[in-house]
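Asks: Pasting the sequence and the predicted coordinates here, then a few questions.
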Amino acid sequence: MSWVEDPTRKIGPGMDSDVVEGDAELPLKRAEALQTPPISDEAAANRIAILESPSYKLAEVDIDFLGRKENRTMRMQIELLKTETLLREQKEDAKDDV
């Protein structure tokens with residue numbers, strides 16, 4: 001595995017000063033210049049744990065969160081909004097057909 005494919009690296013800001021326009025290998029040099037030094041195994045494991053944590057999920061895709069009792073009102077509002085939106089779209093489509 002090359003250092004460019006190293007999963008512990010992340011894209012970061014900055015360019016090396018030797019990356020100049022007109023260079024035939026510019027895209028590769030630019031990609032290499034944007035790489036930051038590798039992070040430690042502990043930091044990589046911490047990052048993975050954070051990304052896999054349920055608290056990191058977006059609320060809209062977190063079924064467990066949406067299903068909580070205190071979110072029932074919100075779910076009902078979304079159901080009503082969905083119905084209203086679809087009816088409004090149907091009405092607009094019917095106007096277009098006339």
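Replies: Arrived safely. All of these numbers come straight from a predicted model, not from anything done at the bench. Numbers count the residues shown, from 1 in each chain.
Asks: Helices of this protein, start to end?
Replies: 26-33, 41-52, 63-66, 72-97 (DSSP state H).
Asks: mind putting these in JSON lines, mean pLDDT and mean neighbour count included?
Replies: The C-beta positions use only the backbone N, C-alpha and C, and glycine is treated the same way. Formatted as JSON lines, these follow (pLDDT from 0 to 100; neighbours: other CB atoms under 10 Å):
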{"stretch": "helix 26-33", "mean pLDDT": "65", "mean neighbour count": "13"}
{"stretch": "helix 41-52", "mean pLDDT": "87", "mean neighbour count": "11"}
{"stretch": "helix 63-66", "mean pLDDT": "92", "mean neighbour count": "11"}
{"stretch": "helix 72-97", "mean pLDDT": "91", "mean neighbour count": "10"}
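Asks: how is the chain carved up into domains?
Replies: Residue ranges for each domain of the chain read 1-56, 59-98, as given by automatic domain parsing.
Asks: Burial check on Pro38, number of neighbours?
Replies: Neighbour count for Pro38, taken as other CB atoms under 10 Å: 14.
Asks: Look up how far Ala44 lies from it.
Replies: 8 Å (CB to CB, to the nearest Å).
Asks: how near is the nearest residue to Lys57 once chain neighbours are set aside to Met74?
Replies: Leaving out its chain neighbours, the residue that sits closest to Lys57 by CB to CB, 6 or more residues apart in numbering is Phe65, at 7.5 Å. Separation of Phe65 from Met74 (CB to CB): 10 Å.
Asks: Brilliant, that's me finished.
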